[in-house]
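Kindly return the folded structure for what I paste below:
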Amino acid sequence: MKFKRLAAAVMAATMCGSLFVGCGNAKKDDTAAGEEKITATIKVWGCAEDQADENGKWLQTMCDQFNSEHPDWDLTFEYGVCSEQDAGKIVPQDPENSGDVYFFANDQLQTLVDANAIAKLGGETADYVKKTNSDAIVDSVSVDGAVYGVPFTTNTWFMYYDKSKFTDSDVKSLDKMLEKNKVAFNITEGWYMSSDGKDNSAGVDISGDKGTQATQAMVSLVNNPNFVNDLQGVGIAGLRDGSVGAYFSGSWDYKSVKEILGDNFGAVSLPTVKIGGKDKQMLAFAGSKAIAVNPNCKYQQVAVALAKYLGGKEAQQSHYELRGVIPCNTELLATDEVKKDALVTAQNDTFNKTSVIQPTVTGMNDYWAPAQNFAKAIVNGEITADNAAAKTQDFYKQINT
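Model (predicted):
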């Protein structure tokens, strides 16, 4: 999911985003040895990139390997294209005819639960999720203590930068960076005012001085001549032609950025930013991406086993090697190969140290449009340092009504 980032980071600093095939057909046969044999068609929905030739058809390859490791099951897979960020919109529309196994971003979890479109995972599968992931990752796919997905990566954003333009010291402070070179950040997509929690009734607290100071800081950033609002690929294009020295994005842009910067490639977690005259840590929304089981799938045993396999250590290793999808499996993160990767360090340091977990409550559905409009109003000059208090209070009322 490509996140909408900056106002979230600034606000958070003050407060501490085809082919579908219908439900799998299956039957049971008796093997020659008298054992029950499952013959089934399983629908697997994943993003187009995971099914592309240039990425080794990761999804198809993993499913084929899973099939070969279960000789008592005769499985046929039907693949559909549905990205993690779209699952929360597509699957609830018709859960019974959606993928038996599908990938989702964790911020959609409550919507999927409310639609009876995602199954609880118990027994050894839930134990496996808890054993091989950090507490924060487990929490990101849980509701009321029940686990609903097998995580396969953390999901957040961080900072890429050109090492020929910024020092290791520079990248610790956004204000210092803006004194030296241009920095690209997409402030107008609306995913930038971070909040945290799983309580709808608690609302989002950006009232008072803390919210006003955050708004004033965003106004100051937008008015800085070295700040570039990253719209329609402006940021990565600036890295390519040298007009931009740093760019906030996520692992989805790693291959392009690495190709552009070469030996000058740098990736780190988020810098500080001045708010109310003090250095405050920028914070990103963070979460996970995971594999879900549709409760309407007839053969739950097969679907659960496949979800666990697709989110398992071997599959995560392959995902990382083929597409740069950063693993969250604790054993993989401890290997030398992964530990020395700057990309992994940047994303995981952000997740662990400079982020807040994106809420999964349904009340967040009322947050995005006002947040996007608020950020656009800053860029358009409608919100200024002088009217920041009143405009922030208006925004506060919109997202808590």
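
Where do the helices of the stretch 201-350 of the chain begin and end?
Along the stretch 201-350 of the chain, counting by DSSP state H, counting those that start in this stretch, helices occupy 208-223, 234-241, 254-261, 300-310, 313-323, 330-333, 336-339, 342-353.

quick one, the second one and helix 254-261 angle?
The one in question is helix 234-241. 40 degrees (axes from the mean of the first three to the mean of the last three CA atoms, to 10 degrees).

related to what we said a few turns ago, and of the helices of the stretch 201-350 of the chain, who's closest to Q281?
Closest to Q281 of these is helix 342-353 (CB to CB; 8.4 Å). All C-beta atoms are positioned from the backbone trio N, CA, C, and that covers glycine.

Nearest to M159 among the helices of the stretch 201-350 of the chain would be which one?
Across these, M159 has its closest neighbour in helix 342-353 (7.3 Å, CB to CB).

May I see the helices of the stretch 201-350 of the chain organised as TSV, with mean neighbour count added?
Shown next, in TSV, are the helices of the stretch 201-350 of the chain (neighbours: other CB atoms under 10 Å):
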stretch	mean neighbour count
helix 208-223	21
helix 234-241	18
helix 254-261	17
helix 300-310	21
helix 313-323	19
helix 330-333	16
helix 336-339	12
helix 342-353	20
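
could you dump these to CSV with mean pLDDT and distance to G287?
As requested, the helices of the stretch 201-350 of the chain are exported to CSV (pLDDT from 0 to 100; distance: least, CB to CB, whole Å):
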stretch, mean pLDDT, distance to G287
helix 208-223, 88, 22
helix 234-241, 95, 22
helix 254-261, 93, 18
helix 300-310, 97, 18
helix 313-323, 95, 17
helix 330-333, 95, 17
helix 336-339, 92, 20
helix 342-353, 91, 9
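
With distance to K180 added, can I get these in a markdown table?
Formatted as a markdown table, the helices of the stretch 201-350 of the chain follow (distance: least, CB to CB, whole Å):
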| stretch | distance to K180 |
| --- | --- |
| helix 208-223 | 15 |
| helix 234-241 | 15 |
| helix 254-261 | 17 |
| helix 300-310 | 44 |
| helix 313-323 | 33 |
| helix 330-333 | 33 |
| helix 336-339 | 30 |
| helix 342-353 | 20 |
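
and G149, which of those helices is closest to it?
Across the helices of the stretch 201-350 of the chain (criterion: CB to CB), the nearest stretch is helix 300-310, sitting at 7.7 Å.

what does that closest one contact?
With CB atoms under 8 Å, 6 or more residues apart in numbering as the test, helix 300-310 has contacts from 26, 38, 40, 42, 44, 59, 62-63, 66, 69-70, 73, 75, 100-101, 119, 121, 125, 128, 149-150, 152, 291-294, 297, 315.

the inter-axis angle of that helix versus helix 313-323?
50 degrees.

All further residue positions should be reported with the first residue as 38.
All set: I'll call the first residue 38, so the last point we hit is now helix 337-347.

Pull helix 337-347 out as PDB, backbone CA atoms only.
The C-alpha coordinates for helix 337-347 follow below in PDB (Å, rounded to 0.1, in the frame of the first residue of the first chain):
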ATOM      1  CA  GLN A 337     -11.000 -24.600   5.800                       C
ATOM      2  CA  GLN A 338      -8.300 -27.100   6.600                       C
ATOM      3  CA  VAL A 339      -6.700 -26.600   3.100                       C
ATOM      4  CA  ALA A 340      -7.200 -22.800   3.100                       C
ATOM      5  CA  VAL A 341      -5.700 -22.300   6.600                       C
ATOM      6  CA  ALA A 342      -2.700 -24.500   5.700                       C
ATOM      7  CA  LEU A 343      -2.100 -22.600   2.500                       C
ATOM      8  CA  ALA A 344      -2.400 -19.200   4.300                       C
ATOM      9  CA  LYS A 345       0.200 -20.400   6.900                       C
ATOM     10  CA  TYR A 346       2.500 -21.600   4.100                       C
ATOM     11  CA  LEU A 347       2.300 -18.300   2.100                       C
END
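
about what we covered before: so for E216, which of the helices of the stretch 238-387 of the chain sits nearest?
Closest to E216 of the helices of the stretch 238-387 of the chain, according to CB to CB: helix 245-260, at 12.6 Å.

just how off-centre is the closest one within its chain?
Relative to its parent chain, helix 245-260 has a centroid offset of 26 Å by CA atoms, centre = their mean, to the nearest Å.

next one: stretch 355-372
Put simply, stretch 355-372 sits 15 Å off its chain's centre (CA atoms, centre = their mean).

Please consider this matter closed, and thank you.
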